[in-house]
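**Q** next one to model:
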Amino acid sequence: MRNAFLKLALAGICLAAAISCNKDSAFISIDTTDYIVDSRGGELTIPVTSTGVSDVIVEMEYSSRWVTDPETGDKIPAEPWIRVSRIIEKYPQTKALPTKHSAIVLDIAPNEVQAQREATVEVKSFNVSKTVRIIQANPLKR
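**A** Numbering: from 1, shown residues only. Got it, this is the predicted structure:
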């Protein structure tokens, strides 16, 4: 009986230690993986729950990063159609790695290329990240 009690107590201590260690792990949560935005552009706010947003990386599909000079045929870097405007932070009372309710605000330019376009937005919190896809509608298919 005493041996069983010791095993049970040890299991409880290990479980408590595992739970407390888990609280100090970085995490990030975004409710959805795809956002569809209007061809007219505008502002998009993406809510994020995390241990703090440490970086945001926007990747546009290859065809959106370049335009072709009609006279020479050369490819020229295009103005980005999607940019990070700001990261909204709220600072709650903290512990080692606090939970923060933040948001990423994106400015999206009107779609003038007559085709649907896509970008990915990677949001990082320390060593973890989540990726969302931004799809902007073709202005001809409104």
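**Q** surely Val105 touches Ile88?
**A** Yes. At 6.5 Å, Val105 and Ile88 qualify as touching, with contact defined as C-beta atoms under 8 Å. For every residue, glycine as well, the C-beta is placed using N, CA and C.
**Q** identify the contacts common to the two.
**A** When C-beta atoms under 8 Å, 6 or more residues apart in numbering defines a contact, the residues bordering Val105 and Ile88 alike are Thr45.
**Q** from the centroid of the protein, which residue is nearest?
**A** Geometric centre of the chain, nearest residue: Val123, 3.2 Å, by C-alpha atoms, centre = their mean.
**Q** residues near the nearest residue to Gln114 once chain neighbours are set aside, how many?
**A** Sequence neighbours aside, Leu140 is the residue nearest to Gln114 in space, at 5.8 Å (criterion: C-beta to C-beta, 6 or more residues apart in numbering). Residue neighbour count, defined by other C-beta atoms under 10 Å, stands at 10 for Leu140.
**Q** thank you, goodbye.
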